[in-house]
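>>> A structural model of the following input is requested.
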Amino acid sequence: MNTFNIHNVETAPEKSKAILAASLKTNGMIANLHGVMAEAPELLMAYQELGKLFTNTSFDKDELTVVWQTINVEHNCTYCVPAHTAIANSMKVDPSLTEALRDQKAMPTPKLQALQDMTLNVVRKRGNVSDEDISAFFAAGYAQRQLLEIILGVSQKVISNYVNHIAETPVDKPFQKFAWDKKANAKLIAKRV
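Numbers count the residues shown, from 1 in each chain. As a prediction, the model looks like this:
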C-alpha cells in the first residue's frame, strides 16, 4: 500500500493552502483526492480548472454524468465512481441513469448511448477514433464541439483516476455509501440475471 500524504490546509504546500481552504468553505470538507493532489499545487489547480471548464461545456447534467462516469468505470476508479454518484445526486440526475452507468448497462436514450459509445471509443482508442465512430456520434445529434468536449472530460478524469490509482486514495466518508468496485459489481449483476 502506498502512503501518500492527504493534506489539510495546515499541512499543504503554500500554493495549495488557499485552494484547500476554498474547498473546505464551499463543500464543508476537503475531499481526500484534493488533499492528495495538494502535494503538487499545479496538479490540483489544473484539475480544478479542468473541472470548471468541463462543467461549462455544452453538455447538460445527464451528459456530464455520462462522460464522467463512463470514464471512471472504464478506468476502474473506486474513488471517483462513488464521488461522482454523490455529485450526480446533488445535480438531481435520475438515479436510474447513474445506476446504469455504474452497472455498465445500456443508456436510457439513443443519444446518451451515442455519447457513452463515443466516450468509450476516445478512451479505449486513445483518440484514434474511426470515421464510422464519428459519423455515428454526429448522426445521434452531436457535433464537432461535443466530440472535442469529450476530450476535455477525459483530460480531467485521467488526472483524478490516475492519481487515485497511484495514491490508493481512500473514499471520503460521505461517498462511502456509494462504494463501487468493478469486479464486485460485475458479480452482483451476474446474480441478478
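
>>> Could I get the pLDDT score of D181?
D181 is assigned a predicted lDDT (pLDDT) of 89.

>>> does the residue nearest to it when sequence neighbours are not counted count as helix, strand or coil?
Using CB to CB, 6 or more residues apart in numbering and skipping residues adjacent in sequence, the residue nearest D181 is T78, 5.5 Å away. Where you see a C-beta, it was placed from the backbone N, CA and C, and this is true even at glycine. Assigned with DSSP: H, G, I helix; E, B strand; the rest coil, T78 falls in the coil class.

>>> which residues touch T78?
Counting by CB atoms under 8 Å, 6 or more residues apart in numbering, T78 touches 164, 171, 179-182.

>>> change it to 10 Å
Remark: with contacts taken as CB atoms under 10 Å, 6 or more residues apart in numbering, T78 is in contact with 72, 161, 164-165, 168-171, 179-182, 184.

>>> Just the buried ones from these, in PyMOL syntax?
Applied in PyMOL, the following selects the buried portion of the contacts of T78 according to 16 or more other CB atoms under 10 Å:
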select buried, resi 72+161+164+169+170+171+180+182
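
>>> Let me have the contacts of T78 in a markdown table, adding secondary structure and distance to L43 as columns.
Formatted as a markdown table, the entries for the contacts of T78 read as follows, by DSSP: H, G, I helix; E, B strand; the rest coil; distance: CB to CB, whole Å:
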| residue | secondary structure | distance to L43 |
| --- | --- | --- |
| N72 | helix | 18 |
| N161 | helix | 13 |
| N164 | helix | 13 |
| H165 | helix | 14 |
| E168 | coil | 17 |
| T169 | coil | 13 |
| P170 | coil | 19 |
| V171 | coil | 20 |
| A179 | coil | 25 |
| W180 | coil | 24 |
| D181 | coil | 26 |
| K182 | helix | 25 |
| A184 | helix | 30 |
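
>>> returning to what we had before: check the gap between the residue nearest to D181 and K61 for me.
Distance of T78 to K61, computed by CB to CB, to the nearest Å: 23 Å.

>>> Just list the residues touching the nearest residue to P108 once chain neighbours are set aside, thanks.
Nearest non-adjacent residue to P108, counting by CB to CB, 6+ apart: L97, 6.1 Å away. L97 makes contact with 61-62, 65-66, 69, 88, 107-109, 112, according to CB under 10 Å, 6+ apart.

>>> Likewise for A38?
5-9, 11-13, 15-17, 19-20, 23, 30, 44.

>>> Quick check: which ranges of the chain have low pLDDT?
By pLDDT under 70, the weakly predicted segments of the chain are 1-2, 184-193.

>>> Look up phi and psi at R126.
phi 50, psi 40 (degrees, to the nearest 10).
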